[in-house]
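Engineer: Below is the structure, and that's it, no one-letter string:
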């Protein structure tokens, strides 16, 4: 599948390829294309989204994820990951919404962290979601999250780090929950993006081989 060329600093989320594959294989696996499923749902299905999901799963034996996605699209929602072009437009909107209103003053911190994260290597991808911006190498190695109106949490994937960690690195509980992000540093001002922040970002990047 052709990769969208982006002039933005953001990159296509890995889930886009998964959704494209699912859409391409839907008719072969279920007997109907997305357009045909949507027509059927609107003609014969229940009125609300939740009932439509159950109807697709029980009456038509559609897998749970597929039923969720079809029902969502029948409501005119979702679809932000259907193509690289659509996703990249949504990515810009996700970030704008994350740093709107009271969180607007955090945007310069985000911009600096994003630039720093991308500078770790040419293989770094920033793929915004609705509430966070994960940074990928082979996997997510860090994430930028506006946790409160006055603080961004820079999260790190340090599962395989063997040394002692400083107090500034707060345990997220991610190791016990098998989450990628295991530690975070709280940042409330641009001047806090110091050598220690850069060191742990580089450490997390290097660990993701």
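Structural biologist: Nice, thanks for sending it over. What you are looking at is a predicted structure, and each value in this text was computed from that prediction instead of being measured.

Engineer: Show me where this structure has its helices.
Structural biologist: Here the chain has its helices, by DSSP state H, at 14-30, 34-44, 49-59, 64-74, 84-98, 107-118, 174-177, 195-207.

Engineer: How about the contacts made by the residue nearest the centre of the chain?
Structural biologist: For the chain, residue 129 is the residue whose C-alpha lies nearest the centre (Cα atoms, centre = their mean; 3.6 Å). Counting by Cβ atoms under 8 Å, 6 or more residues apart in numbering, residue 129 touches 13, 94. Glycine gets a C-beta too; all of them are placed from N, C-alpha and C.

Engineer: circling back: looking at the helices of the chain, which is closest to residue 187?
Structural biologist: Nearest to residue 187 among the helices of the chain is helix 107-118 (5.9 Å), distances taken as Cβ to Cβ.

Engineer: now stretch 202-209, how far from the chain's geometric center?
Structural biologist: 19 Å (Cα atoms, centre = their mean, to the nearest Å).

Engineer: mind checking pLDDT for the spatially closest residue to residue 188 that is not a sequence neighbour?
Structural biologist: Distances taken as Cβ to Cβ, 6 or more residues apart in numbering place residue 151 nearest to residue 188, at 5.1 Å, with adjacent residues excluded. Model confidence at residue 151, given as pLDDT, is 98.

Engineer: cool, and the one 5 residues further on?
Structural biologist: At residue 156, the model reports a pLDDT of 98.

Engineer: I figured it hits residue 175, correct?
Structural biologist: No: Residue 156 lies out of contact with residue 175 (Cβ atoms under 8 Å); the separation is 11.6 Å.

Engineer: Which one of those two is surrounded by more residues?
Structural biologist: residue 156 (28 against 13; other Cβ atoms under 10 Å).

Engineer: so what's the more buried one bridging to?
Structural biologist: With DSSP bridges applied, residue 156 shows beta-bridge pairing to residue 142, residue 183.

Engineer: Switch the helices of the chain over to TSV; also include distance to residue 147 and mean pLDDT.
Structural biologist: TSV is the format used below for these (distance: least, Cβ to Cβ, whole Å; pLDDT from 0 to 100):
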stretch	distance to residue 147	mean pLDDT
helix 14-30	23	84
helix 34-44	36	92
helix 49-59	30	94
helix 64-74	27	89
helix 84-98	11	93
helix 107-118	12	97
helix 174-177	14	88
helix 195-207	16	97
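
Engineer: which one of those lies closest to residue 142?
Structural biologist: Residue 142 lies closest, by Cβ to Cβ, to one member of the helices of the chain: helix 195-207, at 5.2 Å.

Engineer: tell me which residues in the closest one are buried?
Structural biologist: For helix 195-207, the neighbour count (16 or more other Cβ atoms under 10 Å) marks 197, 200, 201, 203, 204, 205, 207 as buried.
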